[in-house]
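> Any chance you can model this:
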Amino acid sequence: MTPPAPPAAPLRADCIGDSAGGLTFDVAARGNTGAALLVLRRRDGADAAAVDETVSLPLAPAAKGRLRAALPSSVSLPEGRWDAYAQVSDSEPRRLVPGVTDLRSLAERTPSGLLGHVAVRIPYATRQGNLTVRSWLRAPHAETVDLGSADGGLTVRGRVYGTQLVPGAHAELRARQGFDGGDGADGGGVHRLDVVAERTEFGFTVPYDALAPGVWDLWLRPAGDSGPLVRLARLLDDVADKHPVFLGPPARLRTPHGPMEAGPFYTRDNDLSLAVTPLEP
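Have a look, this model is predicted:
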């Protein structure tokens with residue numbers, strides 16, 4: 001009886017980011033000839049097997065045993081998680097695994113915002129060890145630059161891209177659950193916060209004691225009440241998942257709702273939120 005053939009070795013891809021937000025993929029493909037493609041498949045929600053869009057990029061010979069594909073910032077990649085495959089000759093696409101990744105230029109990147117949007121692509125290794133690209137496309141965008149502690153609250157500094165800050169610009173905290181459209185005077189669904197603005201930079205303070213227990217999402221209205229509502233997020237660096245990396249120490253305080261613990265966190269999409277949790281008296 002012929003023993004089964006050993007599984008094919010995984011294809012590795014080195015990834016390099018450039019200062020414009022583009023990515024280059026170098027795939028190790030020794031012995032493979034013929035037409036080749038780098039295939040990016042967008043996931044539908046949390047189900048990696050459900051695909052609703054595909055982007056194919058030509059893989060061209062770059063060095064002996066290496067194929068290269070470029071994903072420039074000018075190529076549209078809608079927001080989401082894109083699983084990476086290589087298709088060599090007429091074979092089935094094979095899942096790629098990360099090789100050497102150099103994203104230093106992403107951490108130093110400052111987009112101009114002249115295009116009216118910010119496009120960010122960060123390659124990362126999934127829990128299964130495969131290569132996936134996380135893409136964001138925000139128009140306009142409000143970038144969180146710094147979080148700090150205030151007396152019983154949180155200070156937020158940031159910068160806008162693709163829009164202007166005008167008189168009347170303000171921040172809003174919106175309750176994720178139980179949103180009632182109120183003005184927040186009684187701990188309801190929306191709290192409006194004054195913003196100090198200078199050109200494209202803004203800052204504001206969140207008083208924790210005004211918040212009811214729950215999760216609060218942070219938003220910005222750069223153009224005031226008549227303008228768009230823009231989600232605050234931290235995207236412009238080389239970290240695909242901020243949640244386990246950027247965690248501020250929670251503050252303990254007494255509020256009209258009783259003793260609470262409050263602190264900021266980043267969501268799975270790197271959006272900025274606050275968690276307010278009741279404590280035992």
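> In which helix or strand does the spatially closest residue to Gly129 that is not a sequence neighbour reside?
Among residues not flanking Gly129 along the chain, Val97 sits closest, at 5.7 Å (Cβ to Cβ, 6 or more residues apart in numbering). C-beta coordinates here come from the backbone N, C-alpha and C atoms, glycine included. Using DSSP states H and E, Val97 falls within strand 94-102.
> shouldn't Leu232 be in contact with Leu220?
Yes. Contact criterion Cβ atoms under 8 Å: Leu232 and Leu220 qualify, at 5.9 Å.
> End to end on stretch 106-125, go ahead and measure it.
Length of stretch 106-125, first residue to last, Cα to Cα, to the nearest Å: 17 Å.
> same question for it, mean pLDDT?
Mean pLDDT, stretch 106-125: 83.
> ok, now stretch 129-147?
95.
> just to revisit the earlier point, buried ones in the strand holding Val97?
Buried residues in strand 94-102, counted by 16 or more other Cβ atoms under 10 Å: Arg94, Arg95, Leu96, Val97, Pro98, Thr101.
> list the contacts for the fourth one?
For Val97, the residues meeting the contact criterion (Cβ atoms under 8 Å, 6 or more residues apart in numbering) are Pro10, Leu11, Arg12, Ala13, Ala125, Gly129, Asn130, Leu131.
> can you do 6 Å?
Residues in contact with Val97 (Cβ atoms under 6 Å, 6 or more residues apart in numbering) are Pro10, Arg12, Gly129, Asn130, Leu131.
> From Pro264, how far out is Thr205?
According to Cβ to Cβ, to the nearest Å, Thr205 and Pro264 sit 12 Å apart.
> For the two, indicate the residue with more neighbours.
Higher neighbour count among Thr205 and Pro264: Pro264, with 21 against 17, using other Cβ atoms under 10 Å.
> lowest confidence element among the helices and strands of this structure?
strand 47-58 (a mean of 70; mean pLDDT, DSSP states H and E).
> which is the next helix or strand following that strand?
Heading C-terminal from strand 47-58 (DSSP H and E), you reach strand 60-63.
> Helices of the chain, start to end?
Per DSSP state H, the chain carries helices over the ranges 104-107.
> Quick one: low-confidence residue ranges for it.
1-9, 30-34, 44-52, 113-115, 177-188 (pLDDT under 70).
> and if we set it to 80?
For the chain, the stretches with pLDDT under 80 are 1-10, 29-35, 44-52, 63-65, 89-90, 107-117, 177-188, 247-249, 255-258, 280-281.
> In contact with Arg66, which residues?
Counting by Cβ under 6 Å, 6+ apart, Arg66 makes contact with Asp26.
> And it, how close does it get to Phe25?
10 Å.
> just checking, which of the contacts of Val97 belong to strands?
Arg12, Leu131 (DSSP state E).
> Adding distance to Arg252 as columns, could you present the contacts of Val97 in a markdown table?
What follows is the contacts of Val97, written out as a markdown table (distance: Cβ to Cβ, whole Å):
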| residue | distance to Arg252 |
| --- | --- |
| Pro10 | 47 |
| Arg12 | 47 |
| Gly129 | 39 |
| Asn130 | 41 |
| Leu131 | 41 |
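> List only those of the contacts of Val97 flagged as buried.
By 16+ other Cβ under 10 Å, the contacts of Val97 give Arg12, Asn130, Leu131 as buried.
> which of those residues lies closest to Met260?
Proximity of the buried ones among the contacts of Val97 to Met260 (Cβ to Cβ) peaks at Asn130, which lies at 40.3 Å.
> how near is the closest one to Pro278?
According to Cβ to Cβ, Asn130 and Pro278 sit 40 Å apart.
> repeat for Leu57
Counting by Cβ to Cβ - Leu57 and Pro278 are separated by 50 Å.
> who has more neighbours, those two?
Leu57 (18 against 14).
> Now that the more buried one has come up, it's in contact with Arg68, right?
No. If you go by Cβ atoms under 6 Å, Leu57 and Arg68 don't touch, sitting 9.7 Å apart.
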